[in-house]
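A.B. asks: Dropping the sequence and predicted coords here.
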Amino acid sequence: MRKPFVAGNWKMNKTVKESLALVRDLLPGMEAVTGVEKVLCPPFPSLFAVSTLISGLDIGLGAQNMHWEASGAYTGEVSANMIKELCQYVIIGHSERRQYFAETDQTVNRKVKAALSAELIPIVCVGETLEQKQAGQTAGVVIRQVRDGLQGLTSVEASRIVIAYEPVWAIGTGLASGGQDANDVVKDMIRPTLASLFGENIAQAVRVLYGGSVTGKNAAEFFNQSDIDGALVGGASLKVDDFLQIIKAALK
Ligand code: PGA
């Protein structure tokens, strides 16, 4: 049994004050839903403040990125150990990081390993661009991102990760994938790749989320699929009613 999982990726939105206000508004509704792993991923400056608000509650905290080195002369970067004091999760390899900050499967792999060593749970993002989809390259791209991003992990490490399938063309566009189409990618490409790397049991145990224009309205379409275990939510995670509706929908 894979526990449903919903994470809100706030991206570069909300000051510390605004973050606290949003979390206060979300708390009653989020606390009311049990049986779903609920995670908030605010920007770095808000992590400490939000961690104090949700301390002791059944709500997880995640960072949106990290560096793979433990410490040192990397101006502007943040390491797993720094995140670890506040968070349980970290998003790695989001398509915006790949697109605007030159992240590759190799840097994703280093970050995933560093996160796991610090006992953080990486939420590893994969997904094809519109160009790649139109060129019929979805399988090739997604399989390569999973294989190279997770290269060298032990089965025990692999069993702890969460994967988010986020077709790039669906992110922030309002053009969500169809539920069935997203499920096909997870079932026929992502889980078989996990099985070939780590065995069938791990492939069936790892949570795989869908991300890309998930809203309160369309969330159930994804959660009703056989192989989708939750959502990584961007824009709608900043809207109280929408995000709460998505969390409730995850309780299939
Ligand atoms: P979106 O973003 O829900 O705004 O499409 C999803 C994501 O980037 O994780």
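C.D. replies: Sure, I can see it.

A.B. asks: Can you give me every residue that contacts the residue of the stretch 101-250 of the chain found nearest the ligand?
C.D. replies: Of all residues in the stretch 101-250 of the chain, the one sitting closest to the ligand is Gly234 (2.2 Å; C-beta to the nearest ligand atom). Quick note: C-beta positions are derived from backbone N, CA and C, even for glycine. Contacts for Gly234 (C-beta atoms under 8 Å, 6 or more residues apart in numbering) come out as 9, 11, 171-172, 211.

A.B. asks: same thing but at 6 Å, please
C.D. replies: Residues near Gly234 by C-beta atoms under 6 Å, 6 or more residues apart in numbering: Asn9.

A.B. asks: State the pLDDT value of it.
C.D. replies: Looking at Gly234, its pLDDT stands at 98.

A.B. asks: how about the spatially most central residue of the chain, what does it touch?
C.D. replies: Geometric centre of the chain, nearest residue: Ile123, 4.1 Å, by C-alpha atoms, centre = their mean. By C-beta under 6 Å, 6+ apart, Ile123 lies in contact with 89, 91, 162, 164.

A.B. asks: who's the second one bridged to?
C.D. replies: In this case it means Ile91. Beta bridges link Ile91 to Ile123 when assigned by DSSP bridges.

A.B. asks: Do I have it right that it meets Ala63?
C.D. replies: No: applying C-beta atoms under 6 Å as the test, Ile91 and Ala63 come out as separate, 7.1 Å apart.

A.B. asks: Flag every residue of the stretch 101-250 of the chain that's near the ligand.
C.D. replies: Along the stretch 101-250 of the chain, the residues adjacent to the ligand under the rule C-beta under 6 Å from any ligand atom are 166, 171-172, 211-214, 232-236.

A.B. asks: So which of those residues wins on neighbours?
C.D. replies: Of all these, the highest neighbour tally under other C-beta atoms under 10 Å goes to Val214, namely 30 neighbours.

A.B. asks: Tell me where the model's unsure across the stretch 151-252 of the chain.
C.D. replies: Filtered on pLDDT under 70, the stretch 151-252 of the chain yields no residues whatsoever.

A.B. asks: repeat that with 90
C.D. replies: Low-confidence segments of the stretch 151-252 of the chain (pLDDT under 90): 252.

A.B. asks: now the helices: where do they sit in it?
C.D. replies: Counting by DSSP state H, counting those that start in this stretch, the stretch 151-252 of the chain has helices at residues 155-158, 179-185, 191-198, 200-205, 219-223, 240-250.
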